[in-house]
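J.: Need a 3D model of the sequence below.
(2 chains)
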Amino acid sequence: MTAPAQVLLLAQRALVQFPRNPILLGFSVMPVLIMYLVFGGLFEGVAELPGFPTDNYFEYLAPTAILLATVPGIGNAGVALAADFQNGYFQKLLTTPTSVGAVMLGRLLGDCVRLAVQAGLVLLLAMALGAEVATGVPGALLMIAMGTMLGIVTFGAISANLAIRTRDAAAVQAIQPMAFLLIFLTSAYQSPTTSTAACCARSSSSTRPSTCCGRCAS
Amino acid sequence: MLSGYDWGDIGIGFLVIAALGAVALPLTARNYRRA
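T.: Coordinates of the predicted model:
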């Protein structure tokens, strides 16, 4: 069996496992939806600032919400790999002609499909809240595809390495919140010139707040 | 159909993902082979 066929077969194994555990499917996306609704609701008024790129803050936040679903979410692949070490399935695979890289890539690919579906749900919620994807369905699919691929090559690789290092599912699970920290450092939340916090701080000390906010948001 | 896209930024995005993947995935596979 060729290496790509091995990867696909192991990805298929991961996909077959997901419906058996609906709690994982449902609750792994729940924190993202809650954060999206909370942050979107809290900072909704920012969209009313002059010069803000959109009049709907949920629309502004939607791409980041997709990253919030895909990048930390791929950490579950590392948890599953560590569980395979703990229950001996990984060692069983090593007795077959399967390449070790295919075991890791197959798991990441399987989780990638799950994350694409969950990112689609997040996007549907954003659209229900008034967000529009200017480039239509192809643009939405491209956004989801790039988000899932970024998840694999960043936090997916980190969690897979942590799984092989610790061989402990709990340890891999423990590092997952660090991915949220990385997302919060993106330009959607932090920017030296346009950050919401910096803008509010300047506007509260300025004699003409609206002018200040307009300048920093544009 | 292809209008409205910022192809320059999309290209940079794919390049970054490919570069990260070219570094991270072979390293991870190597770590798994060594395990």
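J.: And the pLDDT at the residue nearest the centre of chain A?
T.: Closest to where the C-alpha atoms of chain A average out (CA atoms, centre = their mean) is A:Thr70, at 2.5 Å. pLDDT, A:Thr70: 91.
J.: tell me the SS of B:Arg30?
T.: helix (DSSP: H, G, I helix; E, B strand; the rest coil).
J.: can you map out the helices along chain B?
T.: B:7-34 (DSSP state H).
J.: For A:Leu33, list the residues it contacts.
T.: Applying CB atoms under 8 Å, 6 or more residues apart in numbering or on different chains to A:Leu33 gives the contacts A:121-122, A:125. For every residue, glycine as well, the C-beta is placed using N, CA and C.
J.: for A:Phe85, same thing?
T.: Counted by CB under 8 Å, 6+ apart, A:Phe85 has contacts A:91, A:163-164, A:167.
J.: how much space between the residue nearest to the centre of chain A and A:Leu150?
T.: Plainly put, A:Thr70 is 7 Å away from A:Leu150 if you go by CB to CB, to the nearest Å.
J.: Check A:Glu48 too.
T.: 31 Å.
J.: likewise A:Glu44?
T.: With CB to CB as the criterion, A:Glu44 and A:Leu150 are 27 Å apart.
J.: Compare those two (neighbour count), which wins?
T.: The residue with more neighbours, out of A:Glu44 and A:Leu150, is A:Leu150; 21 against 14, by other CB atoms under 10 Å in any protein chain shown.
J.: Please identify which helix or strand holds that one.
T.: A:Leu150 belongs to helix A:136-151 when assigned by DSSP states H and E.
J.: what packs against that helix?
T.: helix A:57-70, helix A:100-128, helix B:7-34 (3 or more CB pairs under 8 Å, 6 or more residues apart in numbering or on different chains; DSSP states H and E).
J.: Tell me which of those sits most buried.
T.: Of all these, helix A:57-70 has the most neighbours on average by mean count of other CB atoms under 10 Å in any protein chain shown, namely a mean of 25.
J.: what about that helix and chain B, touching?
T.: No. Judged by CB under 8 Å from any CB of the partner chain, helix A:57-70 stays clear of chain B, getting no closer than 11.1 Å.
J.: Next, the angle from that helix to helix A:100-128.
T.: 160 degrees (axes from the mean of the first three to the mean of the last three CA atoms, to 10 degrees).
J.: List the buried residues for the very next helix or strand once past helix A:57-70?
T.: From helix A:57-70 onward toward the C-terminus, using DSSP H and E, the following helix or strand is helix A:75-86. Residues A:75-85 are the ones in helix A:75-86 that count as buried (16 or more other CB atoms under 10 Å in any protein chain shown).
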